[in-house]
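Student: below is the sequence, then the predicted model.
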Amino acid sequence: MNNRPHLRRAAALAAVALAVTACGSSQSADSDTLRIAGPFEIHSLEPSSDGYFFTRLHVTETLVTADVEGNLVPGLATTWSADEANKVWTFELADGVEFHDGKPMTPENVVAVLEKMAADAASPLADVGVETIRADGTSVVIELSEPNVSVPATLSHYSTGILAPSSYDAEGKVEKIVGTGPYEVAKVSLPSRIETVRVADWRGKEPEVEKVSFQAVGRAESRAVMATGGQADVVFGLEPAGRERVESTDGVDMESALQPRTILMKMNAADPALKDVRVRQAISMALDRESIAEAVLREKDIAATQLLTPTLADWDAELEPLTYDAEKAKALLAEAGWKTGADGTVAKDGRPLTLELLTYPDRPELPALATAIQAELKKVGVKVDVEVTNSSEVPAKHGDGSLQMALVAKSFALISDPLPTVADTFAKGGSDWGTMGWSDPAVDKAVAALMAGAEGEEAAEHRRTIVTSAQEQLPLVPVSWYRMNAAVSDRVEGFQIDALETSWRITDIELAE
Amino acid sequence: MSRLGGVVARRAAQALAVAIGVSALCFVITQRLPGGIAYRIAAGRYGYDMVDADAAASVRDELGLDRPLWQQLGEWVVDLLQLDLGRSLVTSQPVMTEVSHYLAATLQLALLSIVIAVIAGAGIGVVAARRPGGFADRFSSLWVAGVRAVPPFLLGLLLMIVLSAQLGLFPAVGHGDGGIVLPALTLGLSLSGLVARVTRDAVIEVRGSAYVEFAQTKGLPERWVLVRHVLRNAAVSLVPYLGVQFVVLIEGVVVVESLFAWDGLGHSLVHAVFWRDIPVLQASALVLALLIVLVNTLVDLAVLGLDPRPRGRAVAA
């Protein structure tokens, strides 16, 4: 840095009452700090809430983790195996693991953390039917009440990151994060900032980057300024306008990857109008997904042609893609008894087809997409009322049966294996963020067989059954896929974008001088 | 009772009444808001798309949200009397820690904004009042219209792009290293328009008064007239106005806070409402209510100091 910015800065500071600004601490951009900015805030240190910050920052580690392709690889466990019935799982722990407080990690420590998570409704470990968790020599044994093949994938979830006993206060709440990873926490300022520093003499390969900071920045406009102004090295979650600015700025590039996340309309298949599959198909056909994606997301090629993204290769059954055909949509509605009335809205027995579409603002594109859908459906005579509300209204209205349609962004790989999420989405009797009032016995059977450990060609057949039924029956109408993006400064070398966001792969990064 | 004591006693009684009223009202309103409270809290805790009926049920059990309302409110009051504000339902942090963190950030920002508003606004106002209708006065009208017309969000973004991204003078977001400058500048400049207007009008009015004419007649240099007589008397109008603006700034300037990722009380209040985090909401409202009473008290005392003439009943006596 030369002297002139200093001078200018000093002059400007003086002009705006220097004295009061002195209360801020100095956090100058050291050249050895990797500065990350992203949209989400750190509300809590509890692993089942926002634990992903600490796994992504390599502070805590899980027993199993995933590589950038989503394959399971060893974390704190070196190997794992199940009995014949997939009901008893044994995880052999790595040697010489130390917590950041200097204490060695014991199998009992691991058991204690996993037991907590098995009892925490917000952790996927609570859904696998854990009977007992115990230490056995240098390994941890998990016994289940039902067969489950997804236990290793579940143990890659951030909520199961292993914390030292010293992390908890007297009431058992997490008061600080003491993990086992190559970075340790230097400072956490809830809700917006985490600073970490490389652990000296860590058990594995020492990472190149010495310090890392994460700053939560809620507004996409501010994040774009940080990316283009060189105030952060990696900036996640830019909106179209910001992406365009980054692309025209030197020294910073956009990276992106298709996520296993789909924006879809959850349909109440028990609703008097929506229980007719022809109505659901008509709604799907009335959507010009490419134009919607182009207009709202400014990316035509993420218009969904099926429920699961093609990147989930095992689940890609090369289905007939969902297409746009407004005329056919009208014909299907007519076939189902909905005739166009005088005002252009279709009606049956004198009642117009009016549907409520619920959505939430947490992902800013959802309300915009909802209005685009509203406009598309109006063209075929379906009147949609868009209701933007809190996300929790979706499960709440699912519970009391009053939901008609909800536009949601659903991740199909909360853990590296999509199976548990798919199983939950198509659970018998419906699920909060999955189907509603819909059932297909063939799908139920296929899900059960997969959960019980079906393999090879048989498993592929079951997966095909599920995705084919979803495509034809449309209990969930896919609208668009999701691309996660990051603006990455040229001084960052070796950055890889991880679509599953298991980690930010900081250990592979080097900072150029 | 001395007048000072009178002001303080009256305000203290007001503080107590406000505190009780505001917290009870907060509790009742939160309960009356639409949407399942357990679902909202679960959404705050686990992320917007991680909430399901199970998570909501476990939240309901853990927090005892099924208990009768009077029991929940009663517990809060009993804890409050022991100066225990409880823990946030969402973050599990002690409410005291959380609210004082946000409050400190908000006070810093509000203070610096007021300082900027006064330097810029009062400066322009005094200069404009020298020759009403002159160049400086017309410039001040333009300034007032300009800063009032630009929404703070846009002004903030402009400042961010120019001072941060282009010139690299200040960080765009965050709390350290001069991060306060841009949000304070945004708020301070927005506010400076009206401060300029109020100052200008007050100064013109005071200048036309008999005592200023007397001070000039007795040969006091112009600068002393301005400082001793004009500004002091103009301040009597300006200080209560600034008090009101300060309260507005403390109550939260959510848009500016979120633009600059400044963790202030406005930000925390919005989240607390969104998540139905009742203890945080009650504590924030309590602190705000008390702060408003405190600011009003300070304004009263300042005005009393600036203009010690007796008033009200004391005049009649």
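Tutor: All right, it came through fine. Computed from a predicted structure; not experimentally measured.
Student: can you count the residues close to residue A:145?
Tutor: 11 (other CB atoms under 10 Å in any protein chain shown). The way it works is simple: take the backbone N, C-alpha and C, and place the C-beta from them, glycine included.
Student: show me what contacts it?
Tutor: Going by CB atoms under 8 Å, 6 or more residues apart in numbering or on different chains, residue A:145 touches A:87, A:129, A:130, A:131.
Student: buried ones among those?
Tutor: Buried members of those, scored by 16 or more other CB atoms under 10 Å in any protein chain shown, are A:87, A:130.
Student: now, which of the contacts of residue A:145 sits nearest residue A:245?
Tutor: residue A:130 (48.2 Å; CB to CB).
Student: my read: that closest one touches residue A:141, true?
Tutor: No: checked against CB atoms under 8 Å, the pair residue A:130 and residue A:141 is beyond contact range at 11.1 Å.
Student: low-scoring stretches of the stretch 151-300 of chain B, by residue?
Tutor: Where the stretch 151-300 of chain B drops to pLDDT under 70, the residues are B:252.
Student: show me which residues of it are close to chain A?
Tutor: Counting by CB under 8 Å from any CB of the partner chain, the stretch 151-300 of chain B comes close to chain A at B:157, B:160-161, B:163-181, B:184-185, B:188, B:258-261, B:263, B:274.
Student: that older thread, redo the contacts of residue A:145 as CSV? Include distance to residue B:236, pLDDT and secondary structure.
Tutor: Formatted as CSV, the contacts of residue A:145 follow (distance: CB to CB, whole Å; pLDDT from 0 to 100; DSSP: H, G, I helix; E, B strand; the rest coil):
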residue, distance to residue B:236, pLDDT, secondary structure
A:87, 81, 93, coil
A:129, 73, 91, coil
A:130, 71, 96, strand
A:131, 76, 96, strand
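Student: from the contacts of residue A:145, pick the one nearest residue B:202.
Tutor: Within those, the smallest distance to residue B:202 is 72.0 Å, found for residue A:130 (CB to CB).
Student: dig out what that closest one forms beta bridges with.
Tutor: Note on residue A:130: beta-bridge partners by DSSP bridges are residue A:144.
Student: neighbours around residue 86, how many?
Tutor: Just going to use chain A. Residues contacting residue A:86 under the criterion other CB under 10 Å number 17.
Student: sorry, I should have been clearer: chain B.
Tutor: Quick note: residue B:86 (other CB under 10 Å) scores 17 neighbours.
Student: now do the contacts for the residue in the stretch 151-300 of chain A that chain B sits nearest to.
Tutor: Per CB to the nearest CB, residue A:229 is where the stretch 151-300 of chain A lies closest to chain B, at 3.4 Å. Taking CB under 8 Å, 6+ apart, we find residue A:229 in contact with B:164, B:165, B:166, B:168, B:172.
Student: my guess is residue B:30 meets residue B:276, correct?
Tutor: Yes: Residue B:30 lies in contact with residue B:276 (CB under 8 Å); the separation is 5.7 Å.
Student: find residues that contact each of these two.
Tutor: residue B:37.
Student: so the two - more neighbours on which side?
Tutor: Taking other CB under 10 Å, residue B:30 and residue B:276 do not tie; residue B:276 has more neighbours (26 against 17).
Student: for the more buried one, what are its contacts?
Tutor: Contact criterion CB under 8 Å, 6+ apart gives B:30, B:33, B:35, B:37, B:40, B:41, B:44, B:89 as the residues in contact with residue B:276.
Student: and the last one, how many neighbours?
Tutor: A count of neighbours around residue B:89, defined by other CB under 10 Å, yields 26.
Student: distance check, the residue of the stretch 151-300 of chain A closest to chain B against residue A:474.
Tutor: Computed as CB to CB, to the nearest Å, the residue A:229 to residue A:474 distance reads 45 Å.
Student: again with residue A:148
Tutor: Residue A:148 is 29 Å from residue A:474, where distance means CB to CB.
Student: now residue A:458
Tutor: Applying CB to CB to residue A:458 and residue A:474 gives a distance of 26 Å.
Student: so which of the two has more stuff around it?
Tutor: Under the criterion of other CB under 10 Å, the comparison of residue A:458 against residue A:474 puts residue A:474 first, with 25 against 11.
Student: looking at the contacts of residue A:229, which is nearest chain A?
Tutor: Within the contacts of residue A:229, proximity to chain A (CB to the nearest CB) peaks at residue B:165, which comes in at 3.4 Å.
Student: right, and that closest one touches residue B:171 too?
Tutor: No: here residue B:165 does not reach residue B:171: they are 10.6 Å apart, not a contact under CB under 8 Å.
Student: what's the overlap in contacts for those two?
Tutor: Contacts common to residue B:165 and residue B:171, judged by CB under 8 Å, 6+ apart, are residue A:231.
Student: which of those two has more residues huddled nearby?
Tutor: Set side by side, residue B:165 and residue B:171 show more neighbours around residue B:171, with 27 against 19, by other CB under 10 Å.
Student: quick check: closest non-adjacent residue to the more buried one.
Tutor: Nearest residue to residue B:171 in three dimensions, chain neighbours excluded: residue B:179, at 4.9 Å (CB to CB, 6 or more residues apart in numbering or on different chains).
Student: only alpha carbons, please: show stretch A:221-239 as PDB.
Tutor: The C-alpha trace of stretch A:221-239 is given here as PDB (Å, rounded to 0.1, in the frame of the first residue of the first chain):
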ATOM      1  CA  GLU A 221     -25.800  -5.000  -3.100                       C
ATOM      2  CA  SER A 222     -23.200  -4.600  -0.300                       C
ATOM      3  CA  ARG A 223     -21.700  -8.000  -1.100                       C
ATOM      4  CA  ALA A 224     -21.300  -7.000  -4.800                       C
ATOM      5  CA  VAL A 225     -19.500  -3.800  -3.700                       C
ATOM      6  CA  MET A 226     -17.100  -5.900  -1.500                       C
ATOM      7  CA  ALA A 227     -16.400  -8.200  -4.400                       C
ATOM      8  CA  THR A 228     -15.700  -5.500  -6.900                       C
ATOM      9  CA  GLY A 229     -13.900  -3.300  -4.500                       C
ATOM     10  CA  GLY A 230     -11.500  -6.000  -3.300                       C
ATOM     11  CA  GLN A 231     -12.700  -6.000   0.200                       C
ATOM     12  CA  ALA A 232     -13.300  -9.700   0.300                       C
ATOM     13  CA  ASP A 233     -11.500 -12.500  -1.400                       C
ATOM     14  CA  VAL A 234     -14.500 -14.900  -1.800                       C
ATOM     15  CA  VAL A 235     -18.000 -13.600  -1.800                       C
ATOM     16  CA  PHE A 236     -20.900 -16.000  -1.900                       C
ATOM     17  CA  GLY A 237     -24.500 -15.400  -3.200                       C
ATOM     18  CA  LEU A 238     -24.400 -12.600  -5.700                       C
ATOM     19  CA  GLU A 239     -27.600 -11.600  -7.400                       C
END
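Student: what's the helix or strand for the residue nearest the centre of chain B?
Tutor: For chain B, the residue nearest the mean C-alpha position is residue B:250 (2.2 Å; CA atoms, centre = their mean). Per DSSP states H and E: residue B:250 is located in helix B:232-251.
Student: now do residue A:423
Tutor: Using DSSP H and E, residue A:423 falls within helix A:419-425.
Student: ok, residues contacting that helix?
Tutor: Residues from elsewhere that reach helix A:419-425 (CB under 8 Å, 6+ apart): A:124, A:127-128, A:149-150, A:153-154, A:308, A:315, A:410-415, A:431, A:433-435, A:447, A:450-451, A:466, A:476.
Student: after it, next one along is what?
Tutor: helix A:441-451.
Student: tell me which residues in the following helix or strand past that following helix are buried?
Tutor: Using DSSP H and E, the next helix or strand after helix A:441-451 towards the C-terminus is helix A:456-473. Buried residues in helix A:456-473, counting neighbours by 16+ other CB under 10 Å, are found at A:459, A:462, A:463, A:464, A:465, A:466, A:467, A:468, A:469, A:470, A:471, A:473.
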